[in-house]
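A.B. asks: take a look and give me a structure for this.
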Amino acid sequence: MKFIVSSSYLLKKLQVFGGVINNNNTMPILDNFLFELSTNSLTISASDLETTVRGTLEVESDSEGSIAVSAKLLTDILKTFSEQPLTFLVKENNVIEISSTTGNYTLAYLDGEEFPRPVALPEASKVTMIGDVLATAVQKTIFAAGNDDLRPTMSGILFQFSENGLTFVGTDAHKLVKYERLDIKANEAADFIMPKKPLNILKGILAGSETEVTVEYNESNAKFSFDDMEFICRLIDGKYPNYDAVIPKENPNKLILNRSQFYSSINRLSLFSNKTTHQVRLKIAGSNLVISAEDVDYSNKGEERFTCNYQGDDLEIGFNSKFLKEMINNLDSDEILIEMSLPNRAGLITPVDGLDEGEKVLMLAMPIMLNTNQ
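C.D. replies: From the prediction side, this is the model:
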């Protein structure tokens, strides 16, 4: 078994695949890449049992076979080479020899047959979309997903596909993001919860990409295929919370703000907020908006005043500045609309401009009860 491949080409692929591998694996074989060689083609796989990524590279070869090679060691070795062709020769005694323009290096390998095989997806449903659309949907929602092991369904992103369009939702019960693409349809209704780890890797690969991605899914797994790569992921089991029930429908108080100006103000005032609650207070009366924050324990206090575009009753409401900053930072619009009803009801944030046709974004922030002594 022998093949020749460009060092930088191989390294670039392995760095993507390596994102799947855990630091502490229960099975030693999962510390390895699986190399499956056929004529002029090398298929590389990496897995953590929950997610398997496979990709095919063009190489020079007229042999075939499969071996498992230490992922960390091989990646570290490749980082030290300048761009050049490398020859990999599988020898007896479970060693593989790598030849460069300046030297020869030997490392051990394992039998490729030990590597777990990816699951098949029988009777899978299918939808296709442009890579950048999927990357954007993930980017807009993934920061809102939770990290609570006791609520595993909230630690992933809800994918809802229907004949009316695609919906992606992330929430941790304090903040929620609902991202919709009404310009992409699925043949039948389905919903499933994707874990964050493979989505973060996909987001990195597909951002800005015009590549067509095919998403296949059944009750327990999903597969994302594009170019010469595929990601096969085990879905999070369980029922996603009824997020629509927490989105307030009647929001008569409407505030329009310049997004970057509002972000700068919240960012600045968050430095004066309580380090536990991160609370900032919005006080709106007529066309006047006062944003303030105070940390009574340290006598820190900040306040800023604006003239604003507001329709509604006078209102005073508190929000977590950390969550507000995350949400505002994930919008691309020049202006944002904040819709509110009462100080104890969630506020809705939507972009006023900057959306593609068929694209909708809704962000929800739960309020923090105001301390009336302040």
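A.B. asks: in contact with Glu294, which residues?
C.D. replies: For Glu294, the contact set (CB atoms under 8 Å, 6 or more residues apart in numbering) comprises 272-274, 300-302, 374. From N, CA and C alone the C-beta is placed, and that goes for glycine too.
A.B. asks: let's see which of those end up in strands.
C.D. replies: Per DSSP state E, strands hold the following members of the contacts of Glu294: 300-302.
A.B. asks: just the buried ones from the residues you listed, in ChimeraX syntax?
C.D. replies: To isolate the buried ones among the ones in strands among the contacts of Glu294 in ChimeraX, judged by 16 or more other CB atoms under 10 Å, type:
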select :302
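A.B. asks: same list, the ones in strands among the contacts of Glu294, but as TSV with pLDDT and distance to Ile232 please.
C.D. replies: Shown next, in TSV, are the ones in strands among the contacts of Glu294 (pLDDT from 0 to 100; distance: CB to CB, whole Å):
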residue	pLDDT	distance to Ile232
Asn300	95	50
Lys301	97	53
Gly302	98	50
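A.B. asks: can you show me the strands along the stretch 51-200 of the chain?
C.D. replies: Listed in chain order, the strands of the stretch 51-200 of the chain (DSSP state E, counting those that start in this stretch) span 51-58, 65-70, 85-91, 95-99, 104-111, 125-130, 156-162, 165-171, 175-181, 190-195.
A.B. asks: as TSV, the ones you listed with distance to Ile236 and mean neighbour count would be great.
C.D. replies: Converted to TSV, these look like this (distance: least, CB to CB, whole Å; neighbours: other CB atoms under 10 Å):
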stretch	distance to Ile236	mean neighbour count
strand 51-58	12	20
strand 65-70	28	20
strand 85-91	38	17
strand 95-99	37	16
strand 104-111	31	14
strand 125-130	18	16
strand 156-162	4	22
strand 165-171	12	23
strand 175-181	17	23
strand 190-195	4	19
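A.B. asks: and those: which comes nearest Glu316?
C.D. replies: When the strands of the stretch 51-200 of the chain are compared by CB to CB, strand 175-181 sits nearest Glu316, at 20.4 Å.
A.B. asks: helices of the stretch 1-150 of the chain, start to end?
C.D. replies: With DSSP state H, counting those that start in this stretch applied, the stretch 1-150 of the chain shows helices at 7-17, 71-79, 131-142, listed in chain order.
A.B. asks: most packed of those?
C.D. replies: helix 131-142 (a mean of 22; mean count of other CB atoms under 10 Å).
A.B. asks: how about low-confidence regions in the stretch 101-250 of the chain?
C.D. replies: Within the stretch 101-250 of the chain, no range satisfies pLDDT under 70.
A.B. asks: ok, back up a step: dump the helices of the stretch 1-150 of the chain into TSV; add distance to Glu97 as well.
C.D. replies: Listed next are these as TSV, based on distance: least, CB to CB, whole Å:
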stretch	distance to Glu97
helix 7-17	15
helix 71-79	12
helix 131-142	37
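A.B. asks: closest one to Phe161 among those?
C.D. replies: Across these, closest to Phe161 is helix 131-142 (CB to CB), at 11.6 Å.
A.B. asks: and the closest one, how far from the chain's centre?
C.D. replies: Offset of helix 131-142 from its chain centre (CA atoms, centre = their mean, to the nearest Å): 7 Å.
A.B. asks: next one: stretch 107-122
C.D. replies: Counting by CA atoms, centre = their mean, stretch 107-122 comes out at 26 Å from the chain centroid.
A.B. asks: next one: stretch 266-277
C.D. replies: With CA atoms, centre = their mean, you get 26 Å for stretch 266-277.
A.B. asks: please save the CA atoms from it in CSV.
C.D. replies: Written as CSV, here are the backbone C-alpha positions of stretch 266-277 (Å, rounded to 0.1, in the frame of the first residue of the first chain):
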residue,chain,number,x,y,z
ILE,A,266,-24.6,48.2,26.0
ASN,A,267,-21.0,47.1,25.8
ARG,A,268,-19.8,50.1,27.6
LEU,A,269,-22.5,50.1,30.3
SER,A,270,-22.1,46.3,30.9
LEU,A,271,-18.7,47.2,32.5
PHE,A,272,-20.7,49.0,35.3
SER,A,273,-23.3,46.2,35.8
ASN,A,274,-23.5,43.7,38.6
LYS,A,275,-21.1,40.8,37.8
THR,A,276,-23.8,38.2,38.7
THR,A,277,-26.9,39.5,36.9
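A.B. asks: as JSON lines, the contacts of Glu294 with distance to Gln15 would be great.
C.D. replies: JSON lines is the format used below for the contacts of Glu294 (distance: CB to CB, whole Å):
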{"residue": "Phe272", "distance to Gln15": "41"}
{"residue": "Ser273", "distance to Gln15": "39"}
{"residue": "Asn274", "distance to Gln15": "41"}
{"residue": "Asn300", "distance to Gln15": "43"}
{"residue": "Lys301", "distance to Gln15": "47"}
{"residue": "Gly302", "distance to Gln15": "43"}
{"residue": "Gln374", "distance to Gln15": "50"}
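A.B. asks: between those residues, which is closest to Phe159?
C.D. replies: Closest to Phe159, out of all of the contacts of Glu294 and judged by CB to CB, is Ser273, at 34.8 Å.
A.B. asks: ok, the closest one touching Val280?
C.D. replies: Yes - taking contacts as CB atoms under 8 Å, Ser273 lies within contact range of Val280: 5.9 Å.
A.B. asks: out of these two, which sits in the busier spot?
C.D. replies: When neighbours are counted by other CB atoms under 10 Å, Ser273 and Val280 differ, and Val280 comes out ahead with 27 against 24.
A.B. asks: quick one: contacts for that one?
C.D. replies: So Val280 contacts 266, 269-270, 273, 291-293, 318-321, 324 (CB under 8 Å, 6+ apart).
A.B. asks: got the confidence number for it?
C.D. replies: Predicted confidence (pLDDT) for Val280: 97.
A.B. asks: this completes my enquiry, with thanks.
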